[in-house]
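1. Next one to model:
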Amino acid sequence: MNVQDLLVIGLTIIALAALGYAIYTKIRAKRFTRERYAFAFLASSTGLFLVVITSLLAESPWIAFVNIIHQWLNNASDPVQAHWSEPVLVVLGFILIVRFQFQVWQNWSGGRSLELFLSITL
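-> Sure thing, here's the model as predicted:
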């Protein structure tokens with residue numbers, strides 16, 4: 001079993017969990033503040049950026065997943081090689097997701113910490 005594949009998959013799972021938390025924060029916008037979404041946005045974009053870096057330097061997450069499945073099922077040691085277009089798709093996906101998250105942050109419809117602070121003190 002390749003440790004690099006496991007690290008890539010683990011990093012991807014963490015990044016997707018952070019992205020899921022950012023989406024959850026957006027869905028519950030009336031309950032959370034814009035600043036809380038900003039922290040979720042920071043965590044998810046940092047994780048996704050690390051996935052992009054590992055995709056460019058090592059391999060994409062789905063290739064790592066396929067390699068691990070092949071090792072478990074076939075006990076084969078020949079790893080699947082990524083096509084040149086896969087890192088390009090990962091970078092484009094990262095740019096689209098971060099751009100969408102930034103637009104959500106700019107047009108936040110939920111509470112803001114200043115409004116919350118004023119409502120508590122008044």
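2. wait, doesn't residue 9 sit right on residue 64?
-> Yes. At 5.3 Å, residue 9 counts as touching residue 64 under the criterion of C-beta atoms under 8 Å. For glycine as for every other residue, the C-beta is placed from the backbone atoms N, C-alpha and C.
3. and the two? which has more neighbours close in?
-> residue 64 (26 against 16; other C-beta atoms under 10 Å).
4. Enumerate every residue touching the more buried one.
-> 2, 4, 5, 6, 8, 9, 12, 58 (C-beta atoms under 8 Å, 6 or more residues apart in numbering).
5. and stretch 89-106, which residues are buried?
-> 90, 94, 101, 104, 105 (16 or more other C-beta atoms under 10 Å).
6. Then stretch 47-63?
-> 47, 48, 51, 52, 54, 55, 59, 60, 61, 62, 63.
7. now, which of these lie within helices?
-> Using DSSP state H, the subset of the buried residues of stretch 47-63 located in helices is 47, 48, 51, 52, 54, 55, 61, 62, 63.
8. Make JSON lines out of the residues you listed and add distance to residue 18 and pLDDT.
-> Shown next, in JSON lines, are these (distance: C-beta to C-beta, whole Å; pLDDT from 0 to 100):
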{"residue": "47", "distance to residue 18": "5", "pLDDT": "90"}
{"residue": "48", "distance to residue 18": "8", "pLDDT": "90"}
{"residue": "51", "distance to residue 18": "11", "pLDDT": "87"}
{"residue": "52", "distance to residue 18": "14", "pLDDT": "89"}
{"residue": "54", "distance to residue 18": "15", "pLDDT": "85"}
{"residue": "55", "distance to residue 18": "17", "pLDDT": "82"}
{"residue": "61", "distance to residue 18": "14", "pLDDT": "81"}
{"residue": "62", "distance to residue 18": "19", "pLDDT": "78"}
{"residue": "63", "distance to residue 18": "22", "pLDDT": "80"}
